[in-house]
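K.L.:
Pasting the sequence and the predicted model now:
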Amino acid sequence: MTKLDRYPSYAVCVANALSTSRQPLSVDLLLTKVAGQRPLGKGARSAVYRAIGQLFQAVPVGPGRYGWLSHLLAGSVFRHPLTSEEARRGFLLLDELEHIVFFPQFFQANRPEERTLTIDLFGGPTIQAEASIERKTWSLQLGPEFTEWFEDLGGQSKDDLLIQVVDALAGHYELRLNLREMREERSIRHRNIQLALLAEELVAEDRRTRPAMPTWELVARLIGRGFFGETPAADDLHYVLHEFSMLRFRDGLGYQLELSDENEDFQSRRQLAFTIAMESGDGDAVAMSQDQLMEVMWDNLATADVPKEGASDDDHCVSYQSYLDNFQIVEPNGEALSHDDFHLLEAELEMLVRLEQEFGRLLRDQEERKEYLAALLFIDPDEFLEGDWDMPDDPDGATPPFWTN
């Protein structure tokens, strides 16, 4: 019997703790809950952080606090601009944001989440919906009842559909039709600017670890910050980021922050940020000059371009960055392993774990070496036993389309 048979991995324990808690948990509380499921080793805190990094639904909501995405979605509202084809044929084309809203587990395994959703059509019937593929894009199949409801309300193309999450874990949602002439343009524009500012902040915080933030991770962090819990709902995410932010989408990577005093977008963005502060009626903001206000608002973003000492493009891989983060906590004045040395030792540790799995034991020297490497690299050896070790990426050859960014 292996260790994996005797008790669950840190990733499983963390997932159990967060998914069963309606409220976000601190790392200290997570450690307490994990201790109730398995023994804690010397590197337990590092193992918990690493487990969080492996779980897409484990979303940061504040410093040292994490929530479960399906729970964080409760009560959120999202705006979907309808096309004539969607209304006529009864489906919704899903971008990354909406895919996460309806199928929050998908981006953990990158595989279809087979479940039937319950959709309340406001003022109309309750229908069932499932994921489907339309025009090689993930979509939500709503059927003829949705089309009939839409037509009865006098809907037209380019009207908005408001998606409210009742219970994401149970797959329960509500759809409301927001006619174009009923849009509160001033308030929605206000929310668009707020969304753009928050997205810029999140990407700026992340840019030191990798060149761009994937859209689905940006979406999860926006949800974690509670942005979509307030109304009115902002416009389509990609539209907002293109029109109101300094973020630029890089195909194959995600969103990058472009910050330049010489950039026209930057100058207009400065004016937009100042306008929103003036419109909000904040006395302190009104009393400040535009230059003073922008100096405060953009200080963090302006310094985000400064690289870490000794950083290089090779440092962007997730596992090595996780090691660096843990090393800084444990040995802030020590000398970390280089990128290549880390991966050489990581490969050695994985080989020892696989040998133990195959033969059921290790020699004493090998066991000591394994434990030494695990502590040195801040890696829980059980993590190598998780997942489909020998399974192909697409075992049935029928994997649906996946987001390319």
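P.N.:
Nice, thanks for sending it over.
K.L.:
Confirm for me that Ile193 is in contact with Phe244.
P.N.:
Yes. Shown here, Ile193 and Phe244 form a contact pair, counting by CB atoms under 8 Å, at 5.5 Å. Placement of C-beta: from N, CA and C, glycine included.
K.L.:
Could you check which of these two is surrounded by more residues?
P.N.:
Using other CB atoms under 10 Å, the more surrounded residue of Ile193 and Phe244 is Phe244, with 24 against 21.
K.L.:
I'd like to know which elements the helix or strand encompassing Tyr320 is packed against.
P.N.:
Mapping Tyr320 onto the secondary structure by DSSP states H and E places it in helix 318-330. Using 3 or more CB pairs under 8 Å, 6 or more residues apart in numbering; DSSP states H and E, the elements in contact with helix 318-330 are helix 44-54, helix 339-359.
K.L.:
what angle separates the longest one from helix 318-330?
P.N.:
Right, the one you point to is helix 339-359. The directions of helix 339-359 and helix 318-330 differ by 100 degrees, with axes from the mean of the first three to the mean of the last three CA atoms, to 10 degrees as the criterion.
K.L.:
What of the first one?
P.N.:
Computed by the same axes, to 10 degrees, the angle separating helix 44-54 from helix 318-330 equals 150 degrees.
K.L.:
average pLDDT across helix 44-54?
P.N.:
Helix 44-54 comes out with an average pLDDT of 90.
K.L.:
Please state the offset of stretch 116-129 from the chain centre?
P.N.:
Its chain's C-alpha centre and that of stretch 116-129 lie 27 Å apart, by CA atoms, centre = their mean, to the nearest Å.
K.L.:
hmm, who's touching that stretch?
P.N.:
Contact partners of stretch 116-129, identified using CB atoms under 8 Å, 6 or more residues apart in numbering, comprise 102, 130, 140-143, 145-146, 149, 152-153, 166, 170-177.
K.L.:
State the distance spanning the first to the last residue of that stretch.
P.N.:
For stretch 116-129, the first and last residues are 6 Å from each other (CA to CA, to the nearest Å).
K.L.:
what does stretch 114-131 give?
P.N.:
Start-to-end span of stretch 114-131 (CA to CA) is 8 Å.
K.L.:
for stretch 241-255, same thing?
P.N.:
Span of stretch 241-255 from end to end, CA to CA: 9 Å.
K.L.:
How far off centre is that stretch?
P.N.:
Shown here is stretch 241-255, whose average C-alpha point lies 16 Å from the average C-alpha point of the whole chain (CA atoms, centre = their mean).
K.L.:
Same question for stretch 59-73.
P.N.:
Distance of stretch 59-73 from its chain centroid, counting by CA atoms, centre = their mean, is 10 Å.
K.L.:
Strands along the stretch 1-150 of the chain, start to end?
P.N.:
All strands of the stretch 1-150 of the chain, identified by DSSP state E, counting those that start in this stretch, fall at 25-26, 58-62, 65-68, 77-81, 91-93, 117-121, 126-134, 137-141.
K.L.:
can I get these in a markdown table with mean neighbour count?
P.N.:
Supplementary listing: those in a markdown table, determined by neighbours: other CB atoms under 10 Å:
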| stretch | mean neighbour count |
| --- | --- |
| strand 25-26 | 17 |
| strand 58-62 | 19 |
| strand 65-68 | 23 |
| strand 77-81 | 20 |
| strand 91-93 | 20 |
| strand 117-121 | 19 |
| strand 126-134 | 16 |
| strand 137-141 | 20 |
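K.L.:
Thanks again, I'm all set now.
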